[in-house]
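Peer 1: only geometry, no sequence info:
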């Protein structure tokens, strides 16, 4: 991070939640006391417009996946939710990308390999995990930076927390029904997204907008 970047806390905000199957159908949850965190190098009008586009993409993805995942979970239980995650969540996520807008869900412990973070996202996940353990998790992180190709980017990152409902697919072995465990093993042989407790940091929605 460049020395010129500085931290500033602003506004308490609540954000929507996405339910279970976090990697594949990311459920958003942020503590009501979490503050938004700004790491902008400058506060230009272009930055503000790009960050607004990034926030809109994150909000749209969150609402879309939450609605579809809840419907699957309520109508068919955890097994149908896992199937939705496997068959449809990545495609629905891609629909929220636009020209110059990158959006996806990432985690340190992935179920779907497509949700592995890049090097910048991985560093941010480590930082957010540390803040979460300290009780200081921000509701969102926004910043502007110049990438390695000289392109100015607005970045928007929103933490994803584990809710109680998520534990039917992401909790301990005892909390996941045998048939669901078998389905997860079949769909995701290298799964590392179990053993969570409610309130744990699951990952984040990551959005980048070219300016």
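Peer 2: Structure received. Bear in mind the structure is a predicted one, so any value in this text is a computation, not a measurement.
Peer 1: what are the ranges of the helices in the protein?
Peer 2: 22-25, 45-84, 90-94, 119-133, 167-170, 178-187 (DSSP state H).
Peer 1: pLDDT on the fourth one, on average?
Peer 2: The reference is to helix 119-133. Mean pLDDT, computed over helix 119-133, is 97.
Peer 1: that helix - contacts with which helices or strands?
Peer 2: Judged by 3 or more CB pairs under 8 Å, 6 or more residues apart in numbering; DSSP states H and E, helix 119-133 is in contact with strand 152-161, strand 201-210. Heads up, the C-betas are built off the backbone N, CA and C, glycines and all.
Peer 1: before we move on, back to that, right, and the helices of the chain - which one's nearest residue 209?
Peer 2: helix 45-84 (4.3 Å; CB to CB).
Peer 1: where does pLDDT dip in this protein?
Peer 2: Applying pLDDT under 70 to the chain flags the ranges 1-43.
Peer 1: swap in 90 and give it another go.
Peer 2: The chain contains residues with pLDDT under 90 at 1-48, 62-71, 86-92, 94-100, 163, 166, 211.
Peer 1: what is the neighbour count of residue 166?
Peer 2: Using other CB atoms under 10 Å, residue 166 has 30 other residues around it.
Peer 1: quick check: it touching residue 196?
Peer 2: Yes - under the criterion of CB atoms under 8 Å, residue 166 makes contact with residue 196 at 6.9 Å.
Peer 1: got the contact list for residue 76?
Peer 2: Residues near residue 76 by CB atoms under 8 Å, 6 or more residues apart in numbering: residue 83.
Peer 1: if we use 10 Å, what do you get?
Peer 2: Each residue near residue 76 by CB atoms under 10 Å, 6 or more residues apart in numbering is listed here: 82-84.
Peer 1: start to end distance for stretch 93-110?
Peer 2: With CA to CA, to the nearest Å as the measure, stretch 93-110 spans 16 Å from end to end.
Peer 1: list the buried residues of that stretch.
Peer 2: 93, 96, 101, 103-110 (16 or more other CB atoms under 10 Å).
Peer 1: just to revisit the earlier point, as JSON lines, the helices and strands packed on helix 119-133 with mean neighbour count and distance to residue 183 would be great.
Peer 2: As requested, the helices and strands packed on helix 119-133 are exported to JSON lines (neighbours: other CB atoms under 10 Å; distance: least, CB to CB, whole Å):
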{"stretch": "strand 152-161", "mean neighbour count": "24", "distance to residue 183": "22"}
{"stretch": "strand 201-210", "mean neighbour count": "24", "distance to residue 183": "20"}
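Peer 1: return the most buried member of the helices of the chain.
Peer 2: Greatest average neighbour count among the helices of the chain goes to helix 22-25 (a mean of 30), per mean count of other CB atoms under 10 Å.
Peer 1: residue 136: neighbour count?
Peer 2: Neighbours of residue 136 using other CB under 10 Å come to 14.
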